[in-house]
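# here are the coordinates; sequence isn't available:
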């Protein structure tokens with residue numbers, strides 16, 4: 001049976017029907033990437049109860065989104081910030097706090113930033129103010145080489161990764177328990193991982209939109225393989241109870 005990979009998302013207003021109900025906001029590429037890698041993607045709504053959810057998922061992808069409220073690390077928001085609904089952060093935080101350390105987790109763009117903030121780190125609120133250019137946004141293709149000793153490098157088969165970027169924020173203070181394993185030439189943090197958790201990555205680019213580069217396909221294949229192993233271990237643990 002294919003491992004089940006959860007995708008969390010949020011609600012947005014339908015601009016064509018401003019007086020109507022909100023709709024789910026999730027790009028189709030996330031599900032495609034998981035399916036192509038052999039996983040079973042399941043989209044979760046913000047109302048999903050956390051504890052029952054963790055009984056049946058085998059992995060978790062935290063997709064991109066808008067900006068996290070800077071009050072979470074004690075700063076006022078930048079004038080260019082477009083804030084994510086706080087309900088999404090709070091819901092995903094409940095999942096994160098309740099999730100077993102062994103659960104494979106991949107945070108993408110906002111998801112990478114979420115993992116850093118929820119674990120006690122902070123963010124650069126507007127990269128152009130710091131690096132002098134806006135080349136990290138708008139779908140720009142970027143090249144990076146992860147630390148060859150990192151788990152991320154192992155997951156993608158080593159060497160260069162090319163990915164499309166759509167962000168104007170990034171990690172500043174790295175959270176305890178995370179380690180930077182890839183940076184852009186301008187110093188921007190591009191990827192973090194946990195040494196304590198078996199499969200736990202945050203990446204600032206969008207691998208789901210960069211699947212024509214093999215390293216990104218390998219990343220999703222590694223996620224599905226880790227989720228498959230987690231599923232087997234979960235079954236064994238239940239049998240031992």
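Structure's in. What do you need? The structure presented is a predicted model; accordingly, all values stated were derived computationally and were not measured.

# only C-alpha atoms from now on, for both contacts and neighbour counts.
OK.

# just the strands in the protein please.
4-8, 10-12, 23-25, 40-44, 59-62, 105-108, 123-124, 140-144, 161-165, 170-171, 178-183, 189-194, 200-203 (DSSP state E).

# lowest average confidence, helix or strand, in the protein?
helix 127-131 (a mean of 77; mean pLDDT, DSSP states H and E).

# picking up where we left off before, of all the strands of the chain, which one is nearest residue 83?
Nearest of the strands of the chain to residue 83, taken as CA to CA: strand 10-12 at 12.2 Å.

# okay, the strands of the chain in TSV with mean neighbour count and distance to residue 223 next?
Converted to TSV, these look like this (neighbours: other CA atoms under 10 Å; distance: least, CA to CA, whole Å):
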stretch	mean neighbour count	distance to residue 223
strand 4-8	23	9
strand 10-12	17	22
strand 23-25	14	23
strand 40-44	17	12
strand 59-62	25	8
strand 105-108	26	8
strand 123-124	20	26
strand 140-144	15	20
strand 161-165	21	16
strand 170-171	24	23
strand 178-183	20	17
strand 189-194	24	13
strand 200-203	25	9
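
# export those as TSV, with columns for mean pLDDT and distance to residue 70.
Putting the strands of the chain into TSV (pLDDT from 0 to 100; distance: least, CA to CA, whole Å) gives the following:
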stretch	mean pLDDT	distance to residue 70
strand 4-8	97	21
strand 10-12	80	19
strand 23-25	79	22
strand 40-44	95	25
strand 59-62	99	19
strand 105-108	99	19
strand 123-124	94	8
strand 140-144	89	25
strand 161-165	93	21
strand 170-171	94	12
strand 178-183	98	20
strand 189-194	98	18
strand 200-203	99	19
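
# would JSON lines of those strands with distance to residue 53 be doable?
JSON lines is the format used below for these (distance: least, CA to CA, whole Å):
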{"stretch": "strand 4-8", "distance to residue 53": "9"}
{"stretch": "strand 10-12", "distance to residue 53": "17"}
{"stretch": "strand 23-25", "distance to residue 53": "18"}
{"stretch": "strand 40-44", "distance to residue 53": "9"}
{"stretch": "strand 59-62", "distance to residue 53": "11"}
{"stretch": "strand 105-108", "distance to residue 53": "14"}
{"stretch": "strand 123-124", "distance to residue 53": "29"}
{"stretch": "strand 140-144", "distance to residue 53": "35"}
{"stretch": "strand 161-165", "distance to residue 53": "30"}
{"stretch": "strand 170-171", "distance to residue 53": "29"}
{"stretch": "strand 178-183", "distance to residue 53": "25"}
{"stretch": "strand 189-194", "distance to residue 53": "23"}
{"stretch": "strand 200-203", "distance to residue 53": "19"}
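
# quick one: closest of these to residue 230.
When those are compared (using CA to CA), the closest one is strand 59-62, at 8.0 Å.

# packing partners of that closest one?
Counting contacts by 3 or more CA pairs under 8 Å, 6 or more residues apart in numbering; DSSP states H and E, strand 59-62 is packed against strand 4-8, strand 105-108, helix 110-118, helix 214-240.

# what lines up beside it in the sheet?
Strand 59-62 pairs in its sheet with strand 4-8 (parallel), strand 105-108 (parallel), by DSSP bridges.

# so which residue is smack in the middle of the chain?
By CA atoms, centre = their mean, the mean C-alpha position of the chain lies nearest to residue 107, the distance being 1.3 Å.
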